[in-house]
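Asks: for reference, the sequence and a predicted model appear below.
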Amino acid sequence: MSPAMFTVVECVTRQHDLRLILVSVAIWLLGSSTFFLLLRRARDSAAHRRIHWTRLAAIAGGAGIWAKHFVAMLAYDGVMPMRFGAVLTLASIAVVMLLLLGALRLLGDGRDLRRCAGAGLATGVAIGAMHFTGMAAIVAAARIVYTPGPIIAAAAVASALFACAYVANARLSGAPAIVVPAMLALLSLCLLHYGAMAATTLVPDPTVSAPAGGLDRPLLITAVVLVTAGLLLLSVVAVLFDRYLTDLRGLAEAMLDGMAIVRDGQVVEANACFGRLLALPPAALVGRAIDDLMTAADGQPLAAERGAPVDVAVATAPDRALEVSTRAVEYRGRPSVVVAVRDLTEKRAAQRRIEHLARHDALTGLPNRAVMEERLERDLARARRDGQDVALVALDLDRFKAVNDIFGHAAGDDILRRIGRILSDAVRSTDTVARLGGDEFMILQVGAAQPDGAQALVRRILDDVAAEMDSARDPAAVGVSLGVAIFPADAADAAGLRHGADVALYRAKAAGRGVARFFDADMDRAVRTRRALEHDLRHAILRDQLRLAYQPLVSTAGGRVTGYEALLRWQHPDRGEILPDDFVPIAEESGSIVALGDWVLRNACAAAATWPSEVALAVNVSAVQFQLPNLADQVAAVLADTGLAPARLELEITETVLMRDRATARPRSPRSTA
């Protein structure tokens, strides 16, 4: 052990009261713990609050350092009586607090090693300045002599220890972030104080008068300990209280819902979100009656606990959809109610959009089939009860498929939107216009005398569509066909009314399109007969109900027979012979004409193959068959199978084919074949 260390140990053990030394150590442990706790709080605070915590840390740390030094000085048990001057004693605590504040400002956030080293050195200077100012406050019949070497060495080591304490406080977490730096600071302060005391000598000087009077040492020690401990304890309480309140306020402000504390019906606390939802500053809410700010949908007061959330209306924010939940709590020792406000504006708007899309057509915005079904049932029940008429109009677009194919789906969508607007403008507010799908629309007319109301409506629609969709100006223009059925004249229920409107629409299209037809019983019978024929026609070939009749083709020049035309006949088991004019259009519309045409061609060619070679065969080709891309291959295959010479077969094509597809039917010019 070096002589210097012996001097320090001897100074502590022989010249000081060990009980007071322990008291001074306890004071600095409390002081250093508070000091580093305040530093952590300053580091965690916002910039505008950090300076206040830094100042409080400097005050608490300076008070702890000064108290530790002063109690240790009072623990000195020398033979020479002495006391302390009041001015320099008070100056020593001011010096350490000011210099320590400068060191903490130099420290900043405490994470940079260079800053920590600088702050450690500045803290060592602050402690040394306080120590020597306190030593200068000694009043005794002696002179104070210092040995600089040990003091400088102790100050350097103490500064390094304090720098390490700053690093530990910044980089550790939890309790070690306070305990480890506090222990390093204790070691630093003890080393500097007792090292400096060991290098200090009081030399008696008869020229200096002995001190007279002074404060009682035990009383002075007790006063210093109590005042310093009280200051440090208040600092700790301030940290904990601020952390509790600040973190609680931060938690309340971080909530996505508005929250207010209500006592006796009045708001006593509110977070910023609560103010935003009510379009009022939080400060303006305090003291206001909660029921004056919001009105519950159920009419009950809000300053009471509720079992379930309730919608509220807010006069200051009428466009918001707000929901309130309440719960009874104890706040500041008194019964209160927490009012939580949730903003459901966007959620409700999204729900409305989803519900709208579920019940409306996305393209036109019109009600869809489900809504039409509901309103049809509802309005029929009301009309049945009140003895009123109801008209149902089925509407279909003419040429829509062609427009869609030629001009594209974008043009088709635009046509549907325009038709939707025309129909919406043509009806009254009590009527319903719906898009059922594709180019099918339906209109439900209620509260009008029938059939006059429906007649006026269809005339208005036909006129508006003709004005809007002028094919002379717009090649993408379409027409409309309408079918009307009346309740209760045409049907007694919704299904029958829909059927009647569809039948009338079918007749309108068969009549040449662009017209309206009203349902009648004969029309229904005709449709049912047509559907029955369509069904039976699909099975006519398998049931062997078809036959061919051959009509002679006579030459006008010589009066001789040059060939025969094959004519199809249908012998129905119940209806007898059905003429081609009756069933061929049905076959063309249903698509069964393809199978019939193949059957006619194959059987006629097989029969003609047995005739004299100079006799020709004529077979009619339907417009639907002519549009088939494999018609030529089909004819070639039949000729090959039956052995009929191609020159003997004539295919008769009606002019309707040419009208339907003039581009395909038009012969190529010589120039185009080059």
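Replies: Thanks, I have it.
Asks: check contacts around Val638.
Replies: Contact partners of Val638, counting by C-beta atoms under 8 Å, 6 or more residues apart in numbering, are 598, 601-602, 605, 644. (Glycine included, C-beta is placed from N, CA and C.)
Asks: can I assume Ile261 sits in a strand?
Replies: Yes. Under DSSP: H, G, I helix; E, B strand; the rest coil, Ile261 sits within a strand.
Asks: does it have beta-bridge partners, and which?
Replies: Listed by DSSP bridges, the beta-bridge partners for Ile261 are Glu269, Val338.
Asks: going along the chain, name the helices of the stretch 501-650 of the chain.
Replies: Applying DSSP state H, counting those that start in this stretch to the stretch 501-650 of the chain gives helices spanning 521-537, 580-590, 593-608, 623-626, 631-642.
Asks: Throw these into JSON lines and include distance to Leu88 and mean pLDDT, thanks.
Replies: As requested, the helices of the stretch 501-650 of the chain are exported to JSON lines (distance: least, C-beta to C-beta, whole Å; pLDDT from 0 to 100):
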{"stretch": "helix 521-537", "distance to Leu88": "120", "mean pLDDT": "71"}
{"stretch": "helix 580-590", "distance to Leu88": "119", "mean pLDDT": "77"}
{"stretch": "helix 593-608", "distance to Leu88": "122", "mean pLDDT": "86"}
{"stretch": "helix 623-626", "distance to Leu88": "121", "mean pLDDT": "76"}
{"stretch": "helix 631-642", "distance to Leu88": "123", "mean pLDDT": "88"}
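Asks: now tabulate those helices in CSV and tack on distance to Asp464.
Replies: Converted to CSV, the helices of the stretch 501-650 of the chain look like this (distance: least, C-beta to C-beta, whole Å):
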stretch, distance to Asp464
helix 521-537, 26
helix 580-590, 29
helix 593-608, 37
helix 623-626, 33
helix 631-642, 42
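Asks: Ala476 is nearest to which of those helices?
Replies: Of all the helices of the stretch 501-650 of the chain, helix 623-626 sits nearest to Ala476, with 24.5 Å by C-beta to C-beta.
Asks: give the other helices and strands that the closest one contacts.
Replies: Contact partners of helix 623-626 among helices and strands, from 3 or more C-beta pairs under 8 Å, 6 or more residues apart in numbering; DSSP states H and E: helix 593-608, helix 655-660.
Asks: point out where the stretch 251-400 of the chain drops to low pLDDT.
Replies: 251-256, 332-333 (pLDDT under 70).
Asks: could you rerun that using 80?
Replies: The stretch 251-400 of the chain contains residues with pLDDT under 80 at 251-257, 272, 282-283, 303-307, 330-334.
Asks: pretty sure Gly643 contacts Ala609?
Replies: Yes. Judged on C-beta atoms under 8 Å, Gly643 makes contact with Ala609 at a distance of 5.0 Å.
Asks: roughly how far apart are Leu631 and Val584?
Replies: Separation of Leu631 from Val584 (C-beta to C-beta, to the nearest Å) stands at 17 Å.
Asks: what about Ala283, how many neighbours?
Replies: Counted with other C-beta atoms under 10 Å, residues neighbouring Ala283 total 9.
Asks: would you list the phi and psi of Arg50?
Replies: Main-chain dihedrals, Arg50, degrees, to the nearest 10: phi -60, psi -40.
Asks: and for it, the neighbour number?
Replies: The number of residues packed near Arg50 is 16, by other C-beta under 10 Å.
Asks: more crowded one of Gly643 and Ala609?
Replies: The neighbour comparison of Gly643 against Ala609 (other C-beta under 10 Å) goes to Ala609, with 16 against 11.
Asks: if I look at the residue nearest to the more buried one when sequence neighbours are not counted, how far off is Leu651?
Replies: Once flanking residues are discounted, Ala609 sits nearest to Leu644: 4.6 Å by C-beta to C-beta, 6 or more residues apart in numbering. In this view, Leu644 and Leu651 are 13 Å apart by C-beta to C-beta.
Asks: and the helices in the stretch 301-450 of the chain?
Replies: In the stretch 301-450 of the chain, the helices defined using DSSP H, counting those that start in this stretch lie at 345-359, 369-386, 400-407, 409-426.
Asks: which among those helices is found nearest to Thr432?
Replies: Between the helices of the stretch 301-450 of the chain, helix 369-386 lies closest to Thr432; by C-beta to C-beta that is 5.0 Å.
Asks: show me where the stretch 251-400 of the chain has strands.
Replies: Ranges of strands within the stretch 251-400 of the chain are 258-263, 266-270, 294-296, 310-314, 322-331, 334-343, 390-398, based on DSSP state E, counting those that start in this stretch.
Asks: got a list of contacts for the fifth one?
Replies: What it means is strand 322-331. By C-beta under 8 Å, 6+ apart, the list of residues contacting strand 322-331 reads 261, 263, 268-269, 277, 294, 296, 302-306, 308-314, 335-345.
Asks: show me what the mean pLDDT comes to for the top strand by length along the chain.
Replies: The longest strand of the chain (DSSP state E) is strand 561-572. Strand 561-572 shows a mean pLDDT of 86.
Asks: can you list the strands that that strand pairs with?
Replies: Sheet pairing of strand 561-572 (DSSP bridges) gives strand 546-554 (antiparallel), strand 576-578 (antiparallel), strand 616-621 (parallel).
Asks: return the most buried member of those strands.
Replies: strand 616-621 (a mean of 20; mean count of other C-beta atoms under 10 Å).
Asks: which one's more surrounded, Leu631 and Val584?
Replies: Neighbour count, other C-beta under 10 Å: between Leu631 and Val584, Val584 has more, with 19 against 16.
Asks: just to revisit the earlier point, of all the strands paired with strand 561-572, which lies closest to Gly62?
Replies: Closest approach to Gly62 among these (C-beta to C-beta): strand 616-621, 113.8 Å.
Asks: got the CA positions of that closest one in PDB?
Replies: Only the C-alpha atoms of strand 616-621 are listed here, as PDB (Å, rounded to 0.1, in the frame of the first residue of the first chain):
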ATOM      1  CA  ALA A 616     -81.900 -31.900-109.700                       C
ATOM      2  CA  LEU A 617     -82.700 -31.400-105.900                       C
ATOM      3  CA  ALA A 618     -83.400 -28.100-104.300                       C
ATOM      4  CA  VAL A 619     -83.100 -27.800-100.500                       C
ATOM      5  CA  ASN A 620     -84.000 -24.600 -98.500                       C
ATOM      6  CA  VAL A 621     -81.300 -23.300 -96.100                       C
END
